[in-house]
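Trainee: Coordinates for the following, if possible.
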Amino acid sequence: MKTKIIATPVTRIVNAKYSQLVEPFLFYSEILGRWVTIPVGFIFDWESVPMFRGSNPVCGLIHDYLCRKDSDPVVSKMVAADVYSEFMIYMKTPWWKQQLKHKSVIVAWGYFHKLNVLESPI
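Mentor: Got it, this is the predicted structure:
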């Protein structure tokens, strides 16, 4: 099966930075080799790479989920970055931007595996 997103995420705005899923969000990752469901209640910041904030919001949602310590599946920081890149390619992000953002999440510090899926970052 190929990389796939079934539908746009359904969310509610929590504040100027964060949103919360109000319906489960489903995607298929070739890298993970499986369907993944992000649960209702997940709070995330869409995409926080400073230079490109918000240019691939759904990709940011997927990456944020995979960075939680109890995501299903639990993955390494490198795998989370690779899946982020996989979905940027799927969303037809320009090559140079995809490369910069992929490298940015690899070198970013402090957030990986710090929170549980339904724990609020706020």
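Trainee: Spatially, and excluding backbone neighbours, which residue is closest to the residue located most distally from the centre of the chain.
Mentor: Distance from the centre of the chain peaks at Met1, with 19.9 Å (CA atoms, centre = their mean). Spatial nearest neighbour of Met1, chain neighbours left out: Tyr28 (5.7 Å); criterion: CB to CB, 6 or more residues apart in numbering. Placement of C-beta: from N, CA and C, glycine included.
Trainee: A strand includes the one you found, no?
Mentor: Yes: when DSSP: H, G, I helix; E, B strand; the rest coil is applied, Tyr28 is found to be in a strand.
Trainee: which stretches of the chain form strands?
Mentor: Using DSSP state E, the strands of the chain run over 4-5, 11-13, 19-21, 25-29, 34-38, 43-44.
Trainee: quick one on the thing from earlier: so the residue nearest to Met1 makes contact with Val83?
Mentor: No: Tyr28 is beyond contact range of Val83, at 10.9 Å (criterion: CB atoms under 8 Å).
Trainee: isn't the residue farthest from the centre of the chain right up against Phe27?
Mentor: No: using CB under 8 Å, Met1 is not in contact with Phe27, being 11.3 Å away.
Trainee: got a pLDDT number for Val49?
Mentor: Val49 carries a pLDDT score of 61 in this model.
Trainee: same question, the one 4 residues further on
Mentor: In the predicted model, Arg53 carries a pLDDT score of 63.
Trainee: before we move on, what about Val40?
Mentor: Val40 is given a pLDDT of 98.
Trainee: Pull the contacting residues for the residue lying closest to Tyr84 once chain neighbours are set aside.
Mentor: Among residues not flanking Tyr84 along the chain, His63 sits closest, at 4.0 Å (CB to CB, 6+ apart). Taking CB atoms under 8 Å, 6 or more residues apart in numbering as the criterion, His63 is in contact with Glu47, Ala80, Ala81, Val83, Tyr84, Val105.
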